[in-house]
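*Asks:* Need coordinates for the below:
(chains A and B)
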Amino acid sequence: MELNGHQTEDGTSGETENDEAIGPKQTHQQQQQRPWKETPSSVSFLATSNMEGASAGGSASISRKTSSSSTVRQRTESLKKNRPPFPWFGMDIGGALVKLVYFEPTDVTAEEEQEEVENLRSIRHYLTSHTAYGTAGIRDVYLELPGLSLCGRTGSLHFIRFPTHDMAGFLQMVRDKHFSSLHTTLCATGGGAFKFEQDFLMMADLELHKLDELECLIRGVLYIDSVLPSECYYFENPTELERCEEKAFPLENPYPLLLVNIGSGVSILAVYSKDDYRRVTGTSLGGGTFLGMCCLLTGCSTFEEALEMASRGESTHVDKLVRDIYGGDYERFGLPGWAVASSFGNMMCKDKRESVSKEDLARATLVTITNNIGSITRMCALNENIERVVFVGNFLRVNTLSMKLLAYAMDYWSKGQLKALFLRHEGYFGAVGALLELLKPS
Amino acid sequence: MAGHVGGTEGGRNSMDKSITLPPDEIFRNLENAKRFAIDIGGSLTKLAYYSTVQHKVAKVKSFDHSVKEAEGDPVYEISVQEEITARLHFIKFENAYIETCLDFIKDHLVNTETKVIKATGGGAHKFKDLIEKKLKLKVDKEDEMTCLIKGCNFVLRNIPHEAFVYAKHADPEFRFQNTHPDIFPYLLINIGSGVSIVKVESEDKFERVGGSSIGGGTFWGLGALLTKTKRFDELLQLASRGQHSNVDMLVKDIYGGAYESLGLTGDLIASSFGKSATTDKQFSKEDMAKSLLHMISNDIGQLACLYARLHNLSTVYFGGFFIRGHPVTMHTITYSINFFTKGEVQALFLRHEGYLGTIGAFLKGAEEDNPNQYSWGENYAGSSGLMSVSPDINPMQRARSGTFSFDMLEMDRLERQLVNLPLLQDPSSYIPDTVDLTEDSHAREYWLSCFEEALDGVVKRALASQPDILEAAERAEKFRQKYRHKLQTLRQQPFAYGSLTVRSLLDTREHCLNEFNFPDPYSKIKQRENDMALKYYQKVVRALEDLSWEQRQFALVRGLLAGNVFDWGAKAVSDVLETDPGFGFEQAKQQLQERPWLVDAYNQWIERLKGEPHKCALFFVDNSGIDIILGVFPFVRELLIRGTQVVLASNSLPALNDVTNNELHILTERIAGMDPVIQAAVKDDRLTLVQSGSSSPCLDLSRLDKVLATVVRERRTDLVIIEGMGRAIHTNYYAALSCESLKLAVIKNSWLADRLGGKIFSVVFKFEVPPKTQGLH
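*Replies:* Modelled structure (predicted):
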C-alpha cells in the first residue's frame, strides 16, 4: 500500500495487495481540486455515492472510478463484515493532554438511523453538537476533516483534547454515556494507555487496547498526509521576516525523514519507511518545560496564556547575546552578534532581574526551549544524514512563533541544507494512529 | 559560548580591602616575577607569573687526584650552592580580592622590566583600568578560546594524572587518566555562561564546532529567578539537597512505569519542569534548583555526545565555571554522558581546569621564550590539591570569615626535555605505578602511616645534613609541618594530586625538602658510604675473578641484590644502618633470601647469558655506596667483558641516598682509575653515563631525559635493567618493554613482602623477554 497514494494503482491489486493498508484516498485529481483550506464547502462533494466505489486492500478504501460494480459490491460486503461497530474512536493519552479523534459517519441512511441504538446516538450528538466538553475539553473545529472515507463509510473526523489530569471526569462521562454497551475495548496509545488501564476497566468497564505511541504517531502522520494534500507545509524565506510565508509541501516521497514530536517532552524519530523507524533520541526540554517554567516565572496557568505573554515579550532583555559580550559578532568563530550566547544569561545580574517583565520571561522561555529543540534536531539530522525534518506535537499548536523560529534555525545553522516541515494536525497523529488500529481487520 | 560571566554579582561585588594576605603562602617568589598573565572570570581571578627561584643545591666536586691523597680523605667534596631555576606560579582567588592582590603585587614586585600583562576572560575589560593603574602594566587582551586551548594542551602534556573520570558513588570518586603521549584530537566542552564545543586537532588547529546557549548562565539566571538565591555556589548547594522528581515529569508519571518497548526506565525525566505545568502547587527551592541542574546538565551532555559522534571523537573534556570544582555538576554531566553514549564516551574533567585560560594567556606572552620546548613538572609542595577551596569538599575554608581562600599551582621548568623511553611496548597504556593507593584503601592506610612514622627520621636526617647552619632547625620544622599537612590532606583527599601512589608520596617529600632548602639530606651519608665501598672494590672484583663462570654469574647477581639492601628509603634498613654503622656487604648477603626467590627467573637469565651477548644494556641504578660500587659495577664489568655496551642512567637531582649523575661521574672516574676494564670501556665510550631526568626515588619511564632516549635508540639497546624497590617494585613492576628486561629488588618492607606473599628481604628477580614481534627493527 502506497500510503501517500500518489501513484495510480491497478484496481485489481487492491484486495490482495496489503491487508494492513488503511489509507483511504482521494484521487490525485480530487486532491488538487480541493485544497482543504481554501474551499471547505467542496468537501461535501466527497460524501457522495462516489465513495461507494472506494476500494483497496483490507479496510482501506480508495476512491477508484475504474472499479467494476461487481467488485464494488463484493468489497462493500467484505468491508461491512470486517468493519467494527460504531462509535469509532482513537485515543492518545499523553503526559499533559489527552487527544481523542472521533469519526462521525455522515452517510447514515434512514434505515441505519432507525437501527442506531440510543447510546450511540447520544454520544454522536453530544460530541458533534458541542465544541467544549466539561471544564477543559475542547474540540478543535478548525482541524475537522469532513467528507472523509473510512472503511467504506463517509464522515467527519473530529479532533478533541482535554488535560490528562481531567481523566476522572472523562471516565465518568464515558460511564454515563454507557460507552461499554457499544464497545468492550478502546484503542489507546500514549503513556496514559498504560497508566490508566486499570481506571478504564474499573470506572468505565472498558478494556484498553494499548498501542505503541511511536507506531501510532507514524501511522497517523502518514495517513493524514495521504488524505490531505495541504497537511504538510513549510515557511518560505524563513530568514527574512517580511517575506516569510507558509507554503504547502506535498510529502510525495517522504523517506528518510526525521520526525520530531514535541509534546511535554520531545522524541526524535528517524523514519526510513512506514515500518522502519527508530527513536534516535529525545529531550526532556519540551512543551511541558515551556509551560512549567512559564507558570513558575510568570504565574500564568495555561499554554494559551503563556504563548500570549510570549508574543508580547522581548527575549533579548533576558538572554545574553553574543554582541552583549563581544560588542558585535564573534568573528573568530563565525558567531553573529544577535545569536544567544547564554539563555537567561542577563538574569545573573540583579538589576536586570528586577527590570525584566513577565512577558519578556515568557518569550525567553519559549525561545530557549525552541532553539534547543532545533539544535538537537539539527545534530540528529547530521548524524543520521537526513535532510528533511517534520515537527509535530501540541507544543506547536497555535505557536507560530516557535514554528518560525525552528524554520529559521534549521535553515540558518544548516546553511539552507535542512528544511523544517510542519503538519496542520500537530498533536493528533497518535490518536489517529490508534483509530486506524481499530479499523484494521482482525 | 566562552566562559564569560563578567559584570555579574557572582562574587562578592564590593571590593574587600580589609583583608591581609598571608605573604609567606601566596604570591611566592614575587620579587623576581616577570611576565604576568591574568584571567578574570565572573567570580574568580586567576593570575599567572613566571619567576626564578633561588634555592640550594648540593654539588659534589672531585678533588684533584694528581696529588697523592692522604688515607681517609673523602673521594669528593660536597658543597651547597645557590642555583636558579624557573618556576611558573598560578594563583586563583575571588574577584572581591582583586584590588588587595594588585596592591600586594605592586608592593612586592621588584622587577621593572615587565611592561605588559596578558589578559583574558570576560572580566578582563572590567578591571583593565584598575590593573593598568595599580601595576603600571599595559593590559594586552588575548582571545579567550585560544588561551583556553593552549592552556589545555599544556596541562595535558605536562601534568601526569591531569584528567580524571568522576564517579560519585565509586570509591575512589576520582579515576585519573594516564598521560597519553598523543593528546590529540579531543573535544573540549567549555561550560561558561553558555557552552562552546571545540574540536582540537593539534597545537595550533582547533575549531569551535558548535555550542549551546543553555549553560552556566542559564542555571544561574533561571535559578536566581526561580529560587531568589543569588550566588552560584548557593544554587548548587540548594540543588544538592533537592528532589527533582517533585518538579519533573518522569516517564513513570506518564506511563505508570517504564516505557518498556523503548527501554526507557520509569525514573527517566520525560519533561523537565513538567509537573509545574500541570499542578498548582508550591515547589521548594531545592527541588527546582535540582530539576534545573538536571535539565541543563542533561542537555549539555546530550549535545556533547551528538558532537562527539558527529566528529568521531571519544576523548571529551569538560570545563568552565559550571563544572569548576563542583562534584554535583561533574556527577550530573557524567551521568548524562553515560546515559546518552551508553558508556562509549567518558566525561573527562581536568584537575587544573580553572587555570587553563591564564596558562594559555601566559604562554601567549611567553612565546619568545618558547616554553613548549621545555618539560614542566607540577610542584607538589607549592600546589594546592584538587578542590582545596571547593565549598563542597572543604566547607570550613569559606566559613571562616576574613580568610583569604586561594588555590595555587606551581610548575617547575625542568632543565631537560622529558620523553618516553623508546623501549616501552605501548606508551599509551604504560602506567608507572604498581599500586594505585586511591583505589586500595588498605595499602593507602599503611603507606600514609609509614610516611608519617618516618617523618621524624627524615627531619633529623635533614638537620644533620646542615650541622653548621643555625636556622636549619627552623626550616626543618617548617618542612615537618608542611609535609605532615600534605599527608593529612592526602588522608582526607587521596585524589588531591592525581592518583596517590608510593611514588607521589616520595616525590611530595622531596619537593617539600627542596622547598625548605634541604636539597640533599643524604649527601654526607652517601659520601661516607661511597668512600668506604670504593676501598673494597678491587677486593670484590678479584674474588669474583677467582670463581668459575657459573659461580661468578650467581655471585654477581647476589652482589647486586646484597648491594640493594643498603637503602635508606626503607625504614627497616635505615633503622639497621642507623644502629649498626659497621653493617657491611657480607652481612647484607646473609640477610638475602635463599633461592628459590620470591620471583625467581635466575635460571632463564643464566640460559640467556649462555647465548649471544646483548648489544647494549640500559641500567637504571639505585643507591649510592655498596649498591652502586660493589653491586652494580662488578655486574656491569661482566657485561662489558661479554661485549655488551652499558648505559648507566642515574637521577639528575638527589633523592634519598640514590646516586646522582653528578656523583656517579666521580665514582666512575675513581673506579676507572683502579680497574682497566672500566677505564677502557669509558675511554671507548662502551660505558656511558646519562641522567634520567628524574629526581625521584621511583621511575616514570614516560618522562625521561631526551638525551637518554636518543642514546638508547642509537645504541640499539636490547636489555633494560631496573634495580631497587622504588624503580622495580613500586613502579614498573608490570611495565612491558619491547626488549629483554631484568627487574630486581630486595623487599625491605615487611608489609609489602607480606602482600607479595614473601618475607622481609625476599628477592624479586624478574627476567622478561617480550613476545616475538615481526617486522620491527
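*Asks:* What ranges does the stretch 151-300 of chain A have for its strands?
*Replies:* Along the stretch 151-300 of chain A, the stretches classed as strands by DSSP state E, counting those that start in this stretch are A:153-163, A:185-189, A:207-211, A:232-236, A:245-248, A:257-262, A:266-271, A:277-283.
*Asks:* For the ones you listed, could you give me a markdown table that also reports distance to A:K419?
*Replies:* C-beta coordinates here come from the backbone N, C-alpha and C atoms, glycine included. As requested, these are exported to a markdown table (distance: least, C-beta to C-beta, whole Å):
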| stretch | distance to A:K419 |
| --- | --- |
| strand A:153-163 | 26 |
| strand A:185-189 | 28 |
| strand A:207-211 | 30 |
| strand A:232-236 | 6 |
| strand A:245-248 | 11 |
| strand A:257-262 | 10 |
| strand A:266-271 | 15 |
| strand A:277-283 | 18 |
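*Asks:* Now tabulate those in CSV and tack on mean neighbour count.
*Replies:* Formatted as CSV, the strands of the stretch 151-300 of chain A follow (neighbours: other C-beta atoms under 10 Å in any protein chain shown):
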stretch, mean neighbour count
strand A:153-163, 22
strand A:185-189, 25
strand A:207-211, 19
strand A:232-236, 19
strand A:245-248, 12
strand A:257-262, 27
strand A:266-271, 23
strand A:277-283, 19
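*Asks:* who wins for proximity to chain B among the ones you listed?
*Replies:* When the strands of the stretch 151-300 of chain A are compared by C-beta to the nearest C-beta, strand A:277-283 sits nearest chain B, at 5.8 Å.
*Asks:* can you list contacts of the closest one?
*Replies:* Applying C-beta atoms under 8 Å, 6 or more residues apart in numbering or on different chains, the contact partners of strand A:277-283 are A:214, A:218, A:258-259, A:265-272, A:372-373, A:376, A:380, A:383-384, B:262, B:298-299, B:302, B:306, B:340.
*Asks:* mind redoing it with 6 Å?
*Replies:* A:218, A:266-271, A:376, A:380, B:262 (C-beta atoms under 6 Å, 6 or more residues apart in numbering or on different chains).
*Asks:* List just the nearest of those residues to B:I197.
*Replies:* Ranked by distance to B:I197 (C-beta to C-beta), those are led by A:I376 at 13.1 Å.
*Asks:* The closest one: how many residues sit nearby?
*Replies:* Using other C-beta atoms under 10 Å in any protein chain shown, A:I376 has 23 other residues around it.
*Asks:* Nearest residue to it in space, please, no chain neighbours.
*Replies:* Of all residues beyond its chain neighbours, the one nearest A:I376 is A:T283 (5.6 Å), with distances taken as C-beta to C-beta, 6 or more residues apart in numbering or on different chains.
*Asks:* quick one: low-confidence ranges for the chain?
*Replies:* All of this is about chain A. Along chain A, segments meeting pLDDT under 70 span A:1-81, A:442.
*Asks:* meant chain B actually
*Replies:* Low-confidence segments of chain B (pLDDT under 70): B:1-26, B:64-72, B:110-112, B:387-405, B:581-582, B:773-777.
*Asks:* Around chain B, pick out the residues from the stretch 301-442 of chain A.
*Replies:* Contact residues (C-beta under 6 Å from any C-beta of the partner chain) of the stretch 301-442 of chain A with chain B: A:325, A:333, A:340-345, A:347-350, A:372, A:379, A:382-383.
*Asks:* Can you flag which of those belong to helices?
*Replies:* Using DSSP state H, A:325, A:350, A:372, A:379, A:382-383 are the members of those that sit in helices.
*Asks:* which residues does B:D531 contact?
*Replies:* Applying C-beta under 6 Å, 6+ apart to B:D531 gives the contacts B:74-75.
*Asks:* Repeat that for A:N119.
*Replies:* By C-beta under 6 Å, 6+ apart, A:N119 lies in contact with A:178, A:181-182.
*Asks:* Most neighbours of all these, which one?
*Replies:* Counting neighbours by other C-beta under 10 Å, A:H178 leads the contacts of A:N119 with 16 neighbours.
*Asks:* Kindly provide the distance from that one to A:F196.
*Replies:* Distance from A:H178 to A:F196, counting by C-beta to C-beta, to the nearest Å: 19 Å.
*Asks:* and what of B:A473?
*Replies:* Between B:A473 and A:F196 the distance is 81 Å, computed by C-beta to C-beta.
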